[in-house]
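*Asks:* Make a model of this:
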Amino acid sequence: MCTCTIIGRDATEDGSVLLGANNDWDRTPGRLRYVPRMEHGRDESFRTVRGFEIPQAEITFAYHYTCCVYPIGHRSDAWAEGMNEYQVAVAQTGVHAFQPIDASGAALEADDIPWIILERAASARQAIELVGELVAQYGFNTSSWEGAEGVAVFAVADPKEGWWLELAPGHHWVAQRVPDDMASVRVNCLGIHDADLNDRENVLCSRGLAEYAAARGWGGEPAHFDFSGLYGRDKSINEWGPELDKLNMYRRWRAMSLYARRDLPENELIYQVRPAKKLNVDDVKAVLRDVYAGTCHDLTTVPEAGPFGDPFHDGPCCYSLAQVGTVASMVAHLRSWLPDAFGGIMWVALSNPHTSFYFPIPAGAGRLPARFSQTKTRKGEDKSAWWVFKDVGLLTSRRYRPNMTLLSQIQQTFETDAAQRMSTMEDALSALWPIDRTAAYALLDLFSVETASRALAAAEDAFAALELQY
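*Replies:* All right, here's what the predicted structure looks like:
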């Protein structure tokens, strides 16, 4: 399971664009990494998961990303989500209810797309156009993940706009711009139902998209093109099902209801709402941390939750937005009025965001503590940062209600302090940026290392405080 959300600039408090995502893959560790800007020779290539070679760009941009540490093809990192130096952010969610279209020989798949966008795109629209060109040339295949051979939906955003990019096997795709005054969401299914294929300002698509559907007997009106209805299906290859499956329906309903501040109909395909109030980073964090508390689906009150109301039990926990199997969560705060280097802030929470700590990483920072890229070590001073955050969540679940009360206080104290430190840093950078870029980038590096280290220390302190409760 994965969940993505985009908030348009007229729907936020400060005029920024927000992109949030939970990357869910149970029993899989994760990490946070930084990749610097690089120059490439004409003979260099980008190798896809399936082993195809496509020409590499002359310059690839710097970026931060989170990922699952899961071998796929020649890579050890899978299902990447992140933000690059131009404040282009991308996240994805797998789709497993789709038309079985022949994609024999197609070179690209879901795990290739984020890397291409992060490395090559200087805007969200450019990212869509770039992926579209590559899919037209090389084709798009189902994922190589065993048992999860699906396609994907991508959330792509920059400081001006956000887009949903939805791909089917072969050479078929559509992208739709999120209206500036809307909050939008995607779960594990296609969600574009009404796209005017002639509106090139708000909709981009593959050549012959409507004609292919018509030739297959699916129908489809170009002025109101139902990509999800035509290229999706009501059957799935696995438990991550179609649009009205519980795994998708509850998460979509809850995210939209939280933004609207009222309960919306569960079984209606509502993917965007005009929020009841202007939204900020904390509002998106709250959605990504949600476990349906106070609703008819409250996971803390079901029998499986036990005497301490643990929402992350072995029952229907995967229905929630936050999950015990969340590998990483992010909220990209994308601001057009500041330089890209510190206008883009990627708030990251490793492991389950409900029990983890969000910390800010500026787009222009070039350093991270080494423990954030490690995954294998679980003991001692070199213990992987991801496992520190994971263990806090596991310990919290042992006596959820009293432990979560304690942990919430520690989370709030840390994240409030991190936001204040970031604001102070931005003031200093605004003064420094016009006169000394070298010093400004050094300050960004220092802030990144210190903030990530503080988050790790807060998690270690939280674990120690929770241990004392036993």
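*Asks:* contacts and neighbour counts: CA atoms only from here.
*Replies:* Fine.
*Asks:* now stretch 15-26, how far from the centre of its chain.
*Replies:* Stretch 15-26 sits 4 Å away from the centroid of its parent chain (CA atoms, centre = their mean, to the nearest Å).
*Asks:* Stretch 97-107 too?
*Replies:* With CA atoms, centre = their mean as the basis, stretch 97-107 stands 24 Å off its chain's centre.
*Asks:* now could you export just the CA positions of that stretch as CSV?
*Replies:* What follows is stretch 97-107, C-alpha atoms only, in CSV (Å, rounded to 0.1, in the frame of the first residue of the first chain):
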residue,chain,number,x,y,z
ALA,A,97,-6.3,-3.4,-11.1
PHE,A,98,-5.7,-2.6,-14.8
GLN,A,99,-6.4,-3.8,-18.3
PRO,A,100,-4.1,-6.6,-19.4
ILE,A,101,-2.4,-4.8,-22.3
ASP,A,102,0.5,-6.5,-24.0
ALA,A,103,3.8,-4.7,-23.1
SER,A,104,6.3,-7.2,-24.5
GLY,A,105,9.7,-5.6,-24.9
ALA,A,106,8.8,-2.5,-23.0
ALA,A,107,11.9,-1.2,-21.2
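*Asks:* what about it, average pLDDT?
*Replies:* Mean pLDDT, stretch 97-107: 92.
*Asks:* Would you mark the buried spots in it?
*Replies:* Of the residues in stretch 97-107, 97-99, 106-107 count as buried by neighbour count, 16 or more other CA atoms under 10 Å.
*Asks:* For stretch 190-206, the averaged confidence score.
*Replies:* Stretch 190-206 carries an average pLDDT of 97.
*Asks:* contacting residues for D43?
*Replies:* P55 (CA atoms under 8 Å, 6 or more residues apart in numbering).
*Asks:* if I look at it, how far off is L269?
*Replies:* Distance from D43 to L269, counting by CA to CA, to the nearest Å: 47 Å.
*Asks:* Point me to the helix or strand that includes Y441.
*Replies:* Taking DSSP states H and E as the definition, Y441 sits inside helix 437-467.
*Asks:* which strands and helices sit next to that helix?
*Replies:* strand 359-362, helix 385-398, helix 400-432 (3 or more CA pairs under 8 Å, 6 or more residues apart in numbering; DSSP states H and E).
*Asks:* Show me what the shortest one packs onto, helices and strands only.
*Replies:* With contacts defined as 3+ CA pairs under 8 Å, 6+ apart, strand 359-362 has these neighbours: helix 340-343, strand 344-350, helix 400-432, helix 437-467.
*Asks:* most neighbours per residue, which of the ones you listed?
*Replies:* Counting by mean count of other CA atoms under 10 Å, strand 344-350 has the highest mean neighbour count of the helices and strands packed on strand 359-362, with a mean of 27.
*Asks:* next one: that strand to chain centre, how far?
*Replies:* 10 Å.
*Asks:* With only the CA atoms kept, save it in CSV.
*Replies:* Taking Å, rounded to 0.1, in the frame of the first residue of the first chain, the C-alpha atoms of strand 344-350 are listed here in CSV:
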residue,chain,number,x,y,z
GLY,A,344,12.1,23.4,-1.1
ILE,A,345,11.9,21.5,2.2
MET,A,346,11.4,17.8,2.3
TRP,A,347,10.0,16.7,5.7
VAL,A,348,11.0,13.1,6.2
ALA,A,349,9.8,10.5,8.7
LEU,A,350,11.5,7.1,8.5
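*Asks:* relative to helix 400-432, how tilted is it?
*Replies:* Between strand 344-350 and helix 400-432, the angle comes out at 160 degrees (axes from the mean of the first three to the mean of the last three CA atoms, to 10 degrees).
*Asks:* Go ahead and name everything in contact with strand 344-350.
*Replies:* 30-32, 82-83, 86-87, 327-335, 356-363, 386, 389-390.
*Asks:* And the strands in the stretch 151-300 of the chain, which stretches?
*Replies:* Secondary structure of the stretch 151-300 of the chain (DSSP state E, counting those that start in this stretch): strands located at 151-157, 162-168, 172-177, 183-186, 203-205, 272-273.
*Asks:* among the ones you listed, which is nearest A214?
*Replies:* strand 172-177 (13.3 Å; CA to CA).
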